[in-house]
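Peer 1: Show me the folded form of this:
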Amino acid sequence: MVKKIRRRVEITSETLMAFPMVLPLAVVAGEGRKAAPFGSVSPSWRLTDFFDEHFGLSILAGNRAMDVRDYAAWDLKNRPSEVVNTHGEARSIPIPEGNASPADFRVGIVPCVAVLTRDKKKEFARLAEEGFDEVSGTVLKRILEEGMGLVPGLDLVFFLPPIHARVLDKALAHLEAVVHDACRGAGRPVPGPFPSVPQAAMRDIPEGEVVRPSASKS
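Peer 2: Residues are numbered from 1 along each chain as shown. Now for the predicted structure:
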């Protein structure tokens, strides 16, 4: 019997890691029209460039938003380093089309992988806590509106900074409160409850994985 020896990788403050992230968003359609389906959010490089230019953060983004239930069933959510190795050079994560149909109200996420050192990950925590400023928030809003074919001023899009996929449920609860407050303030019907994510579907998501040298080439 041959005993397999596992090679231990020492993780330091300089080790490049792949962290599974999600960008939560919700769309409330304007009166008399249906919200666009969750198709292409934008060319993925626009999101990649946005986070690099405004925050100095390296993010590989999905090319479409996903329904929360479709994300829970997506097997690559558990393998961020594989996503980077396979799709890093393309700067885009190809997301399979889901089964959700268009509706007046949509809630979902854009899958992302952050490629950072552990020290740089603190910047994400700061962004999640402080949120977007007026300038960056306006730029990202425009990217999402254009990508999903929304009508500015008629359709409403809400979003949060990317957060670790493990805490998606908490982010959805926060986003739900934001959307409900905004709809009440604007005199719009308040959407129904947001979907939740089964904990069993999220328990295998790693905190982060080491990015192998082949994935970190520029």
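
Peer 1: Excluding residues flanking it in the chain, which one is nearest L76?
Peer 2: Nearest non-adjacent residue to L76, counting by CB to CB, 6 or more residues apart in numbering: V83, 5.6 Å away. Using the backbone N, CA and C atoms, a C-beta is placed for each residue, glycine as well.

Peer 1: Need the three-state assignment for V179.
Peer 2: helix (DSSP: H, G, I helix; E, B strand; the rest coil).

Peer 1: Report how many residues lie close to it.
Peer 2: 21 (other CB atoms under 10 Å).

Peer 1: That one and P24: what is the separation?
Peer 2: Distance, V179 to P24, by CB to CB, to the nearest Å: 11 Å.

Peer 1: distance of the residue nearest to L76 from A114?
Peer 2: Applying CB to CB, the value for V83 to A114 is 11 Å.

Peer 1: and what of W45?
Peer 2: According to CB to CB, W45 and A114 sit 16 Å apart.

Peer 1: What of E82?
Peer 2: According to CB to CB, E82 stands 15 Å off from A114.

Peer 1: Settle it for me: which of these two has more neighbours?
Peer 2: Neighbour count, other CB under 10 Å: between E82 and A114, A114 has more, with 24 against 16.

Peer 1: and the closest residue to that one other than its chain neighbours, helix, strand or coil?
Peer 2: Leaving aside its chain neighbours, A114 sits nearest to F19 (4.4 Å; criterion: CB to CB, 6+ apart). When classified by three-state DSSP, F19 comes out as strand.

Peer 1: Who are the contact partners of F19?
Peer 2: When the contact criterion is CB atoms under 8 Å, 6 or more residues apart in numbering, the partners of F19 are 80, 113-116, 121, 124, 164, 207-208.

Peer 1: where along the chain do the strands fall?
Peer 2: Per DSSP state E, the chain carries strands over the ranges 17-28, 59-61, 66-67, 105-116, 156-159, 163-164, 209-210.

Peer 1: Tabulate the ones you listed in JSON lines, adding columns for distance to G187 and mean pLDDT.
Peer 2: What follows is the strands of the chain, written out as JSON lines (distance: least, CB to CB, whole Å; pLDDT from 0 to 100):
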{"stretch": "strand 17-28", "distance to G187": "12", "mean pLDDT": "93"}
{"stretch": "strand 59-61", "distance to G187": "34", "mean pLDDT": "92"}
{"stretch": "strand 66-67", "distance to G187": "28", "mean pLDDT": "88"}
{"stretch": "strand 105-116", "distance to G187": "16", "mean pLDDT": "90"}
{"stretch": "strand 156-159", "distance to G187": "12", "mean pLDDT": "94"}
{"stretch": "strand 163-164", "distance to G187": "30", "mean pLDDT": "92"}
{"stretch": "strand 209-210", "distance to G187": "46", "mean pLDDT": "92"}
